[in-house]
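K.L.:
Sequence below, structure please.
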Amino acid sequence: MGILRTILALAVVVYHSYKLFGLRMCGGQVAVEAFYMISGFYMALILNEKYVGVGSYKKFILSRFYRIFPVYWIILIVALLLSLIGYYGFNHSYYLSRYINNYSCLSGFTIFYFVFENLIVIGQDVLYFLKIDESCMPVFTYNVLSFKHTGYQYLLVPQAWSISIEFMFYLVAPFLVTKKVKWQVALVLLGLSLKYYFFNYEYLCYDPWTYRFFPFELAFFMAGSVAYAFYKYIEKKSIPSYIGYGMMCVLVLLVFGYEYITIRDQLKNSMFYILVLLSIPFIFLAFKDNKLDREIGELSFSLYISHHLMVSVFRGYFFSNPHYIYLYGYTVVFSSLIIAFLLQKTMIKYIEAYRLKLFS
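P.N.:
Numbers count the residues shown, from 1 in each chain. Predicted coordinates for the structure are as follows:
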């Protein structure tokens, strides 16, 4: 499923920059929630087949820590350096602009809280529910995007909020994905029912409630775990590989041409999620021994975590020269892929080798 994961990461890059081949792709929410399901599948896989027995919980959490945080901190340092160079050299402070512009009114505790969240990641999704009031204090609000001064504007790696949600799932996954399938299905149905109710009857049908609220999103992770249970059912059966290849091709085409499916968004998203869920076991079965697919998939995290740097670097130029705006997406995608590849073949390669040595 490596190709699918990287295509979904690419959809987020396009969502944050500009169209690619005239296509907006599936957008950030759809890509992230599809990725939640894939993550749930993989976590169920390793928690049922690798991390078992005494001490497995600690090993699992530490393994996930080494997989995510060192790479995140590398990008955080680069974002900080970019902002400092921009501030002192080009009068453009990038990710530090809110800190600099509001330094005189922010309390020491508020600055500490924002800096702390940038360092630890966990809890960054909460910043998408905070507005900054007239006295520069963070205050919870249900409609944060209606305010100009918000908590998430103080993140140096803005897209890392989803890593916070991922890691919260990791913390509870060992207690959920190893349970009987009927309880997992019940949890999926409960989560989706709650999301449907609040979406349609409490009118929480807008960002950040749509895909940044962990209690609602847990259902997607658990749906991936249910897909793993189905994979175990078909694993020993004679399933032709071309079924997985075909499903992969269909999903990739849908991700690219998503905007051309002219039905109501809620129905379209639901149908896409169901198709992803049904496809995951067959795609994994077809590609699990494919080295190229695995190598492409390894780019997904480094692409996702680093791309916003390129979005910020090139945004000023292309927005100041709108006649070249059609090149914005290509530039960000191409440069982000180069950075992701270099990260993967240098720092991440050695971090992963150390992680595997610790937890093999």
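K.L.:
List every C-alpha atom in stretch 108-117, with coordinates, as CSV.
P.N.:
Provided in CSV are the C-alpha atoms of stretch 108-117 (Å, rounded to 0.1, in the frame of the first residue of the first chain):
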residue,chain,number,x,y,z
GLY,A,108,4.9,34.2,29.2
PHE,A,109,2.7,31.2,30.0
THR,A,110,1.0,31.5,26.6
ILE,A,111,4.3,31.6,24.7
PHE,A,112,5.6,28.7,26.8
TYR,A,113,2.5,26.7,26.0
PHE,A,114,2.8,27.3,22.2
VAL,A,115,6.6,26.5,22.3
PHE,A,116,5.9,23.4,24.4
GLU,A,117,3.3,22.1,21.9
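K.L.:
And it, how far out from the chain middle?
P.N.:
Using C-alpha atoms, centre = their mean, to the nearest Å, the distance from the centre of stretch 108-117 to the centre of the chain it belongs to is 24 Å.
K.L.:
again, but for stretch 329-340
P.N.:
17 Å.
K.L.:
In that stretch, which residues are buried?
P.N.:
Judged by neighbour count using 16 or more other C-beta atoms under 10 Å, the buried positions of stretch 329-340 are 329, 331-333, 335-337, 339-340. (C-beta placed from N, C-alpha, C; glycine too.)
K.L.:
which residues are contacting it?
P.N.:
Identification of contacts with stretch 329-340 by C-beta atoms under 8 Å, 6 or more residues apart in numbering yields 10, 13-14, 16-20, 299, 302-303, 306-307, 309-311, 314, 318.
K.L.:
Which of these fall in helices?
P.N.:
Counting by DSSP state H, the contacts of stretch 329-340 place 10, 13-14, 16, 299, 302-303, 306-307, 309-311, 314, 318 in helices.
K.L.:
Distance from the lengthiest helix in the chain to the middle of the chain?
P.N.:
Longest helix of the chain, by residue count under DSSP H: helix 56-90. Relative to its chain's centre, helix 56-90 lies at 15 Å (C-alpha atoms, centre = their mean).
K.L.:
Pick the one among the buried residues of stretch 329-340 closest to Phe284.
P.N.:
Nearest to Phe284 among those: Ala340, at 22.5 Å, using C-beta to C-beta.
K.L.:
now that closest one: how far from Glu295?
P.N.:
Relative to Glu295, Ala340 is positioned 12 Å away (C-beta to C-beta, to the nearest Å).
K.L.:
Now do the same contact list for Tyr113.
P.N.:
Counting by C-beta under 8 Å, 6+ apart, Tyr113 has contacts Pro138.
K.L.:
Wait, Cys136 touches Cys105, no?
P.N.:
Yes: assessed by C-beta atoms under 8 Å, Cys136 is found in contact with Cys105 at 3.9 Å.
K.L.:
neighbour-wise, which of those two wins?
P.N.:
Cys136 (15 against 12; other C-beta atoms under 10 Å).
K.L.:
Next, format the buried residues of stretch 329-340 as a markdown table and append secondary structure and distance to Lys50.
P.N.:
Shown next, in a markdown table, are the buried residues of stretch 329-340 (DSSP: H, G, I helix; E, B strand; the rest coil; distance: C-beta to C-beta, whole Å):
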| residue | secondary structure | distance to Lys50 |
| --- | --- | --- |
| Gly329 | helix | 38 |
| Thr331 | helix | 40 |
| Val332 | helix | 36 |
| Val333 | helix | 34 |
| Ser335 | helix | 36 |
| Ser336 | helix | 31 |
| Leu337 | helix | 30 |
| Ile339 | helix | 30 |
| Ala340 | helix | 26 |
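K.L.:
Run through the strands of the stretch 201-350 of the chain in chain order.
P.N.:
Counting by DSSP state E, counting those that start in this stretch, the stretch 201-350 of the chain forms no strands at all.
K.L.:
what residue ranges in it are flagged as low confidence?
P.N.:
Low-confidence segments of the stretch 201-350 of the chain, defined by pLDDT under 70: none present.
K.L.:
re earlier: now do the longest helix of the chain: which elements does it pack against?
P.N.:
helix 28-49, helix 108-120, helix 161-176, helix 299-320, helix 347-359 (3 or more C-beta pairs under 8 Å, 6 or more residues apart in numbering; DSSP states H and E).
K.L.:
at 7 Å what do you get?
P.N.:
helix 161-176, helix 299-320, helix 347-359 (3 or more C-beta pairs under 7 Å, 6 or more residues apart in numbering; DSSP states H and E).
K.L.:
contacts for the shortest one?
P.N.:
Put plainly, it is helix 347-359. For helix 347-359, the surrounding residues in contact (C-beta atoms under 7 Å, 6 or more residues apart in numbering) are 59, 63, 66-67, 70-71, 74, 302.
K.L.:
Go through that helix and flag the buried ones.
P.N.:
Neighbour-count burial for helix 347-359, counted by 16+ other C-beta under 10 Å, picks out 348, 351-352, 355.
K.L.:
number of nearby residues for Tyr203?
P.N.:
For Tyr203, the neighbour count with other C-beta under 10 Å is 11.
K.L.:
Asn118 versus that one, what's the distance?
P.N.:
Counting by C-beta to C-beta, the gap from Tyr203 to Asn118 is 32 Å.
K.L.:
go on, Ala286?
P.N.:
40 Å.
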